[in-house]
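the amino acid sequence is not available; the structure is as follows:
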Ligand SMILES: [Zn+2]
């Protein structure tokens, strides 16, 4: 395959750059039945998944010793695949939880049970994982007012559907999903043997709707200034009555924590009030359904299938459930992430590629520094602070410096449900153990085998996992221009987050302290408003547009990332040395590689979920970032009659 396969040369690059770069691929590619979207990133994910499965199988074949990481990985994986054992156990794994729920006879017992469901399953700042079906989610990270110490963060939860809009939006689309959701809850309760399942299901969904009411929107949740609310322990009783907080925190093993960061106070107050006011029978049904839904992958096939019918088909548009082995890789990779990652990088991420990626990062950081120096809108005193922050930026490439210790995690052969429970408890305990310890800026939030990258604003750090630093994003056997267009733009994107409107809120040490002047903000916001308007104008479907405000931070990062990657590409001297390739100039290679790094397609249901819930614009519109860069106009024959053409004054320049 040539580097530029899959293009559609009949499309004018200025009319539709995404289809010019990807039209051939789009025309011939079907989304696999077990996926809701498919593209170049998913292709690499598939490859990483196959590789990980092979690594696990070959580790298992060597009969690793008891207690070793390799043994735990092999046993965890095998237990998830052992559907005969799962079928044979039937409902046994849930017996304990269902009995405890039935025994809830008062508000204290209810609060105690709710506390026991708390897990370290969210992370608003780093992994942007905002959703938990438990009533609250926990996340332990450095205190945003005092970056030298850790603080427990509490995030709203309790909804099985992805977002409050699913409960409260009056549109027909959401109403349809809600009807199917009631059927899903009914089915799960009926399968478990509860009588009057339909009536119970209506009660469960009505309670979730009440929980959703005070929930904070996605956009407000992402605003750290609204989230950084310190609640000394004593606040909970007076500000959020209804819950027996003493019982809640005791069973959550958090009795000793003196202060919490309560990200959405209104949601916590609303939840606590419902704990005090709603009938216990409704709460018991709610907890039963949540316990069953959560465990569905570890229960007999009928549960797993019903779970997929709703969560897979209705919510994400997938037609077929992913093969069990791929799901086994995913859960093992989650539970024993860095142990699996260690095996992955030993085999697939040579030191030479780590060095090459680190060199690219240095070039990007240097180019970003030059952009800062020449910015017209940033005040001189702000530039000094930006430079200081750039100097302390900790860029992790491939994998963490120190690997996580899994010796306290017990994995038992043939106990799939017990293993996942213990893995969740292990992760929860690992987070609680951070409280009172010095902050570890070397901690990673992504595993090395993840095809993604992330900015950790409070830690002023970036993670670029090994699995994204691989072909087709990063490839030693092609011109540098293409690596800069794909991976360089991603690195630039993540660096820029440290210096954008979100990054401006965190100083060089990760303290939530705005280091911009009012004038800096005003200019940045004016530039941002123009970009928000640009994205508001993109309509994937007639009834829904991209939300320019919700996606603004990410769109600005895309713009900065592409501009800085282009600078770094020039500074690295790769441009002058680069050859033409298949008739494309080095600059054309750079932009085509960028557009092809977004190659992908998505099912309608999944795309609709994404537009409502995701801070990123759909890939096609991320590609259109190019229309704001002058060198793109110089590289391709773009005319003012082309759809993507912007007059020089209309091109948004933030960085
Ligand atoms: Zn981003």
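Looks like it arrived, so ask away. Everything numeric in this text was worked out from a predicted model, so none of it was measured.

show me the shaky parts of the chain.
Along the chain, segments meeting pLDDT under 70 span 1-3, 574-578.

near the ion, which residues of it show up?
Residues of the chain that fall close to the ion, judged by CB under 5 Å from the ion: 554, 557. Bear in mind the C-beta positions are built from the backbone N, C-alpha and C, glycine included.

can you check which helix is longest in the chain?
Across the chain, the helix with the greatest residue count (assigned by DSSP state H) is helix 351-374.

which neighbouring elements make contact with that one?
helix 380-392, strand 394-398, helix 489-497, helix 552-571 (3 or more CB pairs under 8 Å, 6 or more residues apart in numbering; DSSP states H and E).

looking at these, which is closest to residue 222?
Each of those has some distance to residue 222 by CB to CB; the shortest is helix 552-571, at 7.7 Å.

so which bits of the closest one are buried?
552-570 (16 or more other CB atoms under 10 Å).

can you check stretch 310-319 too?
By 16+ other CB under 10 Å, the buried positions in stretch 310-319 come out as 310-318.

from the chain's centroid, how far away is stretch 279-289?
How far stretch 279-289 lies from its chain's middle: 30 Å, per CA atoms, centre = their mean, to the nearest Å.

contacts for it next, please.
Stretch 279-289 has contacts (CB atoms under 8 Å, 6 or more residues apart in numbering) with 98, 101-102, 104-107, 110, 113, 160, 185, 188-189, 192, 194, 200-201, 203-204, 206-208, 275.

before we move on, back to that, tell me which of the buried residues of stretch 310-319 is nearest to the ion?
residue 316 (21.6 Å; CB to the ion).

contacting residues for the nearest residue to that closest one once chain neighbours are set aside?
Leaving out its chain neighbours, the residue that sits closest to residue 316 by CB to CB, 6 or more residues apart in numbering is residue 36, at 3.9 Å. Applying CB under 8 Å, 6+ apart, we find residue 36 in contact with 312, 316-318, 602-603, 605-606.

if we go to 7 Å?
Neighbour list for residue 36: 316-318, 602-603, 605-606 [criterion: CB atoms under 7 Å, 6 or more residues apart in numbering].

now do residue 212
Counting by CB under 7 Å, 6+ apart, residue 212 makes contact with 159, 164, 167-168.

now do 8 Å
Per CB under 8 Å, 6+ apart, neighbours of residue 212: 159, 164, 166-168.

buried only: go through the residues you listed for me.
Burial by neighbour count, 16+ other CB under 10 Å: within those this picks out 159, 164, 166-167.

mind putting these into JSON lines with secondary structure?
Below are the buried ones among the contacts of residue 212 laid out as JSON lines (DSSP: H, G, I helix; E, B strand; the rest coil):
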{"residue": "159", "secondary structure": "coil"}
{"residue": "164", "secondary structure": "coil"}
{"residue": "166", "secondary structure": "helix"}
{"residue": "167", "secondary structure": "helix"}
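
ok so, going back, dump the helices and strands packed on helix 351-374 into CSV; add distance to residue 619 as well.
Formatted as CSV, those follow (distance: least, CB to CB, whole Å):
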stretch, distance to residue 619
helix 380-392, 29
strand 394-398, 24
helix 489-497, 13
helix 552-571, 11
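
closest one to residue 32 among those?
Using CB to CB, the helices and strands packed on helix 351-374 put helix 489-497 closest to residue 32, at 24.2 Å.

so what touches the closest one?
The contact list for helix 489-497, computed with CB under 8 Å, 6+ apart, reads 360-361, 364-365, 367-368, 393, 453-455, 457, 462, 464, 468, 473, 503, 553, 556-558, 560-565, 568, 594, 597, 655.

between helix 552-571 and it, find me the angle.
In terms of direction (axes from the mean of the first three to the mean of the last three CA atoms, to 10 degrees), helix 489-497 departs from helix 552-571 by 120 degrees.

helix 489-497: what's the following helix or strand?
Tracing the chain past helix 489-497, the next element assigned as helix or strand by DSSP states H and E is helix 518-536.

would you mark the buried spots in that next one?
Buried residues in helix 518-536, counting neighbours by 16+ other CB under 10 Å, are found at 520, 523-524, 527-528, 531-532, 534-535.

is it true that residue 358 touches residue 396?
No. Using CB atoms under 8 Å, residue 358 is not in contact with residue 396, being 10.1 Å away.

taking the stretch 101-250 of the chain, what residue is nearest to the ion?
Nearest residue of the stretch 101-250 of the chain to the ion: residue 128, at 8.5 Å (CB to the ion).

which residues are in contact with that residue?
Residue 128 sits next to 222, 615 when contact means CB under 8 Å, 6+ apart.

could I get the phi/psi values of it?
Taking degrees, to the nearest 10, you get phi 40, psi 50 for the backbone angles of residue 128.

what's the separation between it and residue 431?
17 Å (CB to CB, to the nearest Å).

please apply the same query to residue 420.
Residue 420 sits 17 Å away from residue 431, taking CB to CB as the criterion.

next: residue 232.
20 Å.

these two: which is more packed in?
Legend: neighbour count by other CB atoms under 10 Å for residue 232 and residue 431, higher for residue 431 (20 against 10).

that one touches residue 139, doesn't it?
Yes. Residue 431 is within contact range of residue 139, at 7.4 Å (criterion: CB under 8 Å).

which neighbours do the two have in common?
By CB under 8 Å, 6+ apart, residue 431 and residue 139 have these common neighbours: residue 120.

can you name the next helix or strand after the host helix or strand of residue 173?
If you go by DSSP H and E, residue 173 is part of helix 172-192. Reading on from helix 172-192 to the C-terminus, the next helix or strand found by DSSP H and E is helix 197-212.

now the angle between helix 172-192 and that next one, please.
Put simply, helix 197-212 runs at 130 degrees to helix 172-192, going by the same axes, to 10 degrees.

immediately after helix 197-212, which helix or strand?
For helix 197-212, the succeeding helix or strand toward the C-terminus, using DSSP H and E, is helix 218-221.

what packs against that next one?
Secondary-structure packing of helix 218-221 (3+ CB pairs under 8 Å, 6+ apart): no helix or strand packs against it.

got the buried residues for the following helix or strand past it?
Note on helix 218-221: by DSSP H and E, the next helix or strand toward the C-terminus is helix 224-227. By neighbour count with 16+ other CB under 10 Å, helix 224-227 contains the buried residues 224, 227.

chain center to the helix or strand just after helix 224-227: distance?
The element immediately downstream of helix 224-227 (helix or strand, assigned by DSSP H and E) is strand 230-232. With CA atoms, centre = their mean as the basis, strand 230-232 stands 27 Å off its chain's centre.

test my guess that residue 537 contacts residue 547.
No. Look at residue 537 against residue 547 with CB under 8 Å: they stay out of range, at 11.6 Å.
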